[in-house]
Every structure is written in C-alpha cells, then in structure tokens.
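Colleague: return atomic coordinates for the entry below.
(one chain, ligands or ions: 2)
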Amino acid sequence: MTGRIQGLLGQTGKLHCCRAEMLLLIGLTLHAPLVPARAQDAPILPAAASQVHPEIWPKSAPAIINDSKLEANVANLLDRLTIEEKIGQIIQADIVHIAPDDLRLYPLGSILSGGNSAPNNNDYAVPREWLALADAFYDANRARGGTYVPLLWGTDAIHGHNNIVGATIFPHNIGLGAARDPELMRQIGQVTAREIAVTGEDWTFAPAVSVARDDHWGRTYESYSEDHEIVALYAGAVVEGLQGKAGTPNFLRNGHVLATAKHFLGDGGTQHGKDQGDTRIPEEELRDIHLPGYITAIEAGVQTVMASYSSWQGVKMHGDRALLTDVLKERMGFDGFVVGDWNGHAQVPGCSKESCPQAVIAGIDMLMAPDKWKELYANTLAQVKAGDIPMARLDEAVERILRVKLRAGMFDLPRPSERPLAGRFDLLGTAEHRAVARRAVRQSLVLLKNDNKTLPLAPDRHVLVAGDGADSMPMQSGGWSITWQGTNISNHNFPNGQSIFAGIKEAVEASGGTARLSTDGSFTTKPDAAVVVFGEEPYAETKGDRKTTAYRDLKGKDLELLRRLKAAGVKVVSVFLSGRPLWTTPEINSSDAFVAAWLPGTEGGGIADLLFSRPDGSIAHDFQGRLSFSWPKYADQVVNRNDPSYDPLFPYGYGLTYAEPRDLGTLAEK
Ligand code: BGC
Ligand code: BGC
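Modeller: Ligands and ions are numbered 1, 2, ... in the order given. Got it, this is the predicted structure:
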C-alpha cells in the first residue's frame, strides 16, 4: 500500500475518509505531477486524515439565508476569471512584502498588515498613511485590467484598531471575559469596526475564540475564558458588533468590517500550553470545549475562519481536511472562507512557504503568504495546471472568497478614502469610543483581596503610586499594541490614552488630594496609601510562552517593593497587570488589597474609577468582574473549571465586591 493510500485508510486500515478525499486520491493518481517546487519523485502527501466523525459534530444555522441572486453572481464572476486570476484570489501577501505596483502584474485578492507591518515600514506611521496606502492598492488593482475583483485588506484589530497610533485600545480578551457582558462586546465590536473604517481596511482577524486551557501559553490573554461558556456567549456578540447584524441593511456596510473567528481548532488546548503545539484530546473534548465559540460566531454570520497553527492529534490543522472541510464547511454549513495563518501552510508535512497543495486540498481557501507570495503563486498555478490541485477545489475556494466580497458589497465601493467614515481621523480615540473602553476596564477588574476594607481609598488624601506599571502605557496595553509584541514603544506612542497613574492623579486632584509617582516606591512624606502597579512585560504569541507561572520567578523585585512599603506601615493596594493568572500568593499576602487588572489598554482612568470612593465616602463604582480563569493555588498548577479534582486558589467566577466585604487573611504559600 502506498503511503498516500495508507494515509487515507488510517492505522486501522478502515476507510474513514470522505468523498472528497477519494476524489483527490483519484485526481492524484490520474495526473502525473509536475511541480517546480519539489523533486519529481517526491510524492505529494495526501491531505492528512484525522480520525473525525462529522456526524457527532453539531450543525449550525448560519445567519445568512442562501441568496440565489448572489450565488448566480458568484457563478458568473467565476466563469469570467482566468486561472491566473483565480490563483490570485487565494493568495494573500503582507504589505511589507508587496507594493501596490505588484498588483499590476499579480492579480492577488488580498493583502494583510501583520503584527509588525505598517505603511512605509514604519510601526509609528500616522493614520493618514494607512488610508493613503489603501487607496494606492485600490488604484493599482483597478488599473490592472481583466475582470475586476476588489482587494481585501485584513489586519489584527484584536483589542481595538491596535496597530494605529491614536486608536482606542480595549482590554485584552481575558479582561473582557471577567466582565461577562455580551452587550459590551457588541459595542466594542462596533467601535473597533468604526476605527478600522477610518483608515480604510476591510477585515479584522478577530475575534479569537480560543479557549486557553494552560496558562503557560503566551496567548492566554487573547482568550475570553478557560471555559467555553463565556467564549460562546461573546463570539456571536462581537461578530455582530464588527460586521453589523446579519439580515439588516447595515450588515457589512457603513462602518462595519469583516470578522474572523480564530484559530480553528483547538489552539488553546495544546500540550503544556505550547504555542503552535499539539492538542491531544479526544474528539468529543475538542468539540465540546473548543468549538462552541465557532457555533455562535457562524450563527451571527462570521464571514471568515482562520486555521490554527496547532495540530490535533499530531495532524497540523492547515492540512486537516476532516476538520476544515468535512466538519466546518460541510457539517456546520460555514459558507464564508477559511484563511490560513501567517505561513501556517509551511508547517504541513511536505510543504514549504512557497508550496503547499496539501493545504488547499484540505480546505484552506486563502493562503496567508506574507513574504513568499510570488513563489507560492507560481507553484500553486503550476499545481492546478498539473492537476495536483483539482480545479474543482480551486473553484470552490474562489467561490467562497467571491461570495464574501459580494456580500460585503465591495464591488460597488469607491476608493477607500471615499467610503463612509474614511479619513475621519478625529474618530480615532474619540471621547465616545474611549468611554466604552473605560467602562470595559471598570467591568473587567477583579478584586481578589480587600482586607479590612482597604478599598475604596478616600480621594482627598495623599497617595503614592509605585511600580513599573504605574505610568506605562505599554505594560497596561500588552502585546498587539502598535507593535506585534507590544515592545519598542513608550507612552508617547499612545497620544489618546491615559496611564493608570494619570487616571489616579486626575481623580484625587479633583477631590483635593495629591498623587505622587514614585516607580521604586521611595518617599519623603509618608503617604496615606500606596497603589503599586506591577506585572508582566508585554509579549505576544510564542515569545510569551512561559516555563513557569510563578510570578516571583519572573520579577522578584516587586515582592520586595510591597514588603518594603508594608514594613514602613503603609497601606498597600496592588494592581496586577498580566495576560494570565499567575501564582502570586506571596504578593497577595504582602498587599492589603489586590486587584487583577489584566491588560486594560489605553483607558487607565477606569482603574481609579474603582479604587476611589466619592469625597463623601460613598461608592462611585463597585467591582463587577468575576474570574473567567481559575487562579492557581501553587506554581505551575494547571487548573480549569469542571476539572475532576478542582482545587484552585480562587475559583472560576470568584470576585469580591464592596457590597459584600470579606477578609482573606494570610494564604498558605506552598
Ligand atoms: C508578524 C506577525 C506574525 C508573526 C508570525 C511577525 O513578523 O508581524 O503578524 O504573526 O510574524 O511569525
Ligand atoms: C497569528 C494570527 C494573526 C496573523 C496575522 C499570526 O502569527 O497567529 O493570530 O492573525 O499572524 O498577523
């Protein structure tokens, strides 16, 4: 038996693949492969067949009723495209590696701006440059001749339009999960879409509907919760906010953008929380824990799904036909398109950045090929001509992309700068948008400890504000903020934000108090209280993976600072900035009050809103946030709601309030 057939039959030898794989097998056998990117005798591995039983997966009810007029348009358009134009539709290049002029030769269907990509290769480009670049790409695509198909520009607007200097930046998903408020999510989606429309992009690679199960993972903060319940509650709402409500005239119109549910499937379930790793769990668990967010996203009409870098049971998702095609498209009825992740196809066995028929065959409709798009274009074209990629599969991918572009009304759109809201740079970080973000901050804070009613603080006293997070927009914003990892930036890159210190200062000064910033906690006049803001330095995917979740081992000096202040008889309020729960029992024991503030984004003022009472002592805002992640009892504990022997320090759902004060006392530091 050849390896190819063995792959389809699986280890048991039982035929468990699907109709399409059989066609592929026939297709591969009939055509002599002739592909420049690989040696003549190296066989193309078949699309991997994981052991999936589509019939046990749920069907979903996509929000969009099949529209026969639109489908006829799709078919007409497809008929008019040359094979080159079709290949162009399924390849996406990054703006750092493609110039508008390239579109005169290459009929690509999409571009993206990745985490470190910005106009003129300048992370700090001003909003006007983004819009000008969108116009330049539009013009070049228009000028090529042939059949006009609009170009889609995708960007990672994952907590606001976060690559843009001056945009409103919301708390990262982990904080939003604590708010448990789908209506808030809808508003955040709307605001984000409006700010994207200002700079002329069409599509965001959000929301992540990841369910992070092991907090060593550096993308834990992109996950709303370790439990699917909140993820499912939110996914549909945020999609509706971004895209508009399906079935209404505003759907994908008037300041709405395309959304992406990512990363399909099981990105948050990898062993040891390794980024891009292997999720080794039974099929039922994959379905029950990791799928629910996709169901509500699809039901809300999400138009794109991004494949995950990770594997399930050793099979890379980018090559997993059973999950991408048999489950997502056929069983669940998803009729938008599947986009690959950043060179994600290159990780499929037998593939490279430049060549991967396997991913197309498996069901990826658009390959994210940031840097090697030219080579991939040439190879994919040759592979279709040689029959290594069945023409029917190419057509199906292109149909899906055209369907989305037609649905979004893109064929009728003028230049980006002439579209609704475009060029309204005043809307970036406008007061109304910032108010939504500030409310999100208030709702996301979780009060872990408040002994002796330390909080709220009186606003008319003298407050010391210490810690290296106190006046740091980068630390409070985290990764995916102006730059990919959230590094190489400083406060001046956030012209519309307010640091946590600035928010505290504003609040106390308005009530006749004083606030002094002292990063190292030193003082000459003894303060009435110290607010110490500390936590993780910014990071994003991969680089944020941790060997340990004991905070002290990452940054021991903060514990010393807390102890020093305590020893001086100062009341200590800790505000902990982090992209995940970390073992912080020593820090909690050294604080009178302890707030998990996650990565709140640009609206630092939302923290002061909760820490201080009104001048008359009455409560201005009570805490509402409740943990959407279990807080660990010991270093490296991997603990999730509904575990058989569930023993966290603070359980899922925990969160103190002013209304019901409770003392914690000293916790065991084991
Ligand atoms: C890009 C990111 C991308 C990453 C993947 C970076 O250079 O800017 O968008 O996710 O590479 O390796
Ligand atoms: C990330 C995606 C992101 C893409 C584009 C990848 O490395 O995994 O989440 O959308 O880059 O920047």
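Colleague: can we go C-alpha only for contacts and neighbour counts from here?
Modeller: Noted.
Colleague: what residue in the chain comes nearest to ligand 2?
Modeller: Relative to ligand 2, the nearest point of the chain is Gly114 (3.6 Å; CA to the nearest ligand atom).
Colleague: hmm, that residue is touching Ile158, no?
Modeller: No. Gly114 lies out of contact with Ile158 (CA atoms under 8 Å); the separation is 11.7 Å.
Colleague: sorry, back to before: what's the burial count for the residue of the chain closest to ligand 2?
Modeller: Number of residues near Gly114 (other CA atoms under 10 Å) recorded here: 21.
Colleague: ok now do it, which residues does it touch?
Modeller: When contacts are counted by CA atoms under 8 Å, 6 or more residues apart in numbering, Gly114 touches 94, 155-156, 484.
Colleague: with Val338 instead?
Modeller: Taking CA under 8 Å, 6+ apart as the contact definition, Val338 lies against 304-307, 363-366.
Colleague: how about a cut-off of 10 Å?
Modeller: Contacts of Val338 were listed using CA atoms under 10 Å, 6 or more residues apart in numbering, and they are 260-262, 264, 303-307, 318, 324-325, 328-329, 363-367, 397, 400-401.
Colleague: also Val360?
Modeller: Applying CA under 10 Å, 6+ apart, we find Val360 in contact with 47, 90, 318-319, 321, 340, 345, 366-367, 380, 389-390, 393-394, 397.
Colleague: show the buried residues in these.
Modeller: In these, burial by neighbour count holds for 47, 90, 318-319, 321, 340, 345, 366-367, 380, 389-390, 393-394, 397, counting by 16 or more other CA atoms under 10 Å.
Colleague: could you find the closest non-adjacent residue to Glu55?
Modeller: Closest residue in space to Glu55, ignoring its immediate chain neighbours: Arg331 at 7.5 Å, by CA to CA, 6 or more residues apart in numbering.
Colleague: neighbours of Asn121, how many?
Modeller: Close neighbours of Asn121, defined as other CA under 10 Å, add up to 12.
Colleague: skipping its backbone neighbours, what lies nearest it in space?
Modeller: With CA to CA, 6+ apart, the residue lying closest to Asn121 is Val96, at 6.3 Å.
Colleague: pretty sure that neighbour is touching Lys372, no?
Modeller: No. The criterion here is CA atoms under 10 Å, and Val96 misses it with Lys372 at 11.5 Å.
Colleague: in the stretch 401-550 of the chain, what residue is nearest ligand 1?
Modeller: Counting by CA to the nearest ligand atom, the stretch 401-550 of the chain gets nearest ligand 1 through Trp484, at 5.7 Å.
Colleague: residue contacts, that residue?
Modeller: 114-117, 123, 156, 162-163, 478, 538-541.
Colleague: distance of the residue nearest to Asn121 relative to Arg407?
Modeller: Applying CA to CA, to the nearest Å, the value for Val96 to Arg407 is 28 Å.
Colleague: do the same with Asp102
Modeller: In this view, Asp102 and Arg407 are 27 Å apart by CA to CA.
Colleague: so what pLDDT did the residue nearest to Glu55 get?
Modeller: As predicted, Arg331 sits at a pLDDT of 96.
Colleague: quick one: residues contacting it.
Modeller: 54-60, 323, 325.
Colleague: redo those residues as JSON lines? Include distance to ligand 1 and pLDDT.
Modeller: Written out in JSON lines, the entries for these read as follows (distance: CA to the nearest ligand atom, whole Å; pLDDT from 0 to 100):
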{"residue": "Pro54", "distance to ligand 1": "30", "pLDDT": "96"}
{"residue": "Glu55", "distance to ligand 1": "34", "pLDDT": "96"}
{"residue": "Ile56", "distance to ligand 1": "33", "pLDDT": "97"}
{"residue": "Trp57", "distance to ligand 1": "30", "pLDDT": "97"}
{"residue": "Pro58", "distance to ligand 1": "31", "pLDDT": "96"}
{"residue": "Lys59", "distance to ligand 1": "31", "pLDDT": "93"}
{"residue": "Ser60", "distance to ligand 1": "30", "pLDDT": "85"}
{"residue": "Leu323", "distance to ligand 1": "23", "pLDDT": "98"}
{"residue": "Thr325", "distance to ligand 1": "24", "pLDDT": "97"}
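Colleague: can you show me the strands along the stretch 1-150 of the chain?
Modeller: When secondary structure is read from DSSP state E, counting those that start in this stretch, the stretch 1-150 of the chain shows strands at 91-94, 110-113.
Colleague: among these, which is the most enclosed?
Modeller: Across the strands of the stretch 1-150 of the chain, averaging neighbours per residue (mean count of other CA atoms under 10 Å) puts strand 91-94 on top, at a mean of 26.
Colleague: list the pairing partners of it within its sheet, with orientation.
Modeller: Strand 91-94 has the following sheet partners, assigned by DSSP bridges: strand 110-113 (parallel), strand 367-368 (parallel).
Colleague: which parts of the stretch 201-350 of the chain sit against ligand 1?
Modeller: Within the stretch 201-350 of the chain, the positions adjacent to ligand 1 are Trp342 by CA under 6 Å from any ligand atom.
Colleague: in the stretch 201-350 of the chain, which residue sits closest to ligand 1?
Modeller: Using CA to the nearest ligand atom, the closest approach of the stretch 201-350 of the chain to ligand 1 is made by Trp342 at 5.7 Å.
Colleague: what parts of this protein come near ligand 1?
Modeller: Taking CA under 6 Å from any ligand atom as the contact definition, the chain meets ligand 1 at 114-117, 342, 484.
Colleague: for stretch 101-109, which residues meet the burial criterion?
Modeller: Neighbour-count burial for stretch 101-109 flags 102-104, 106-109 (criterion: 16+ other CA under 10 Å).
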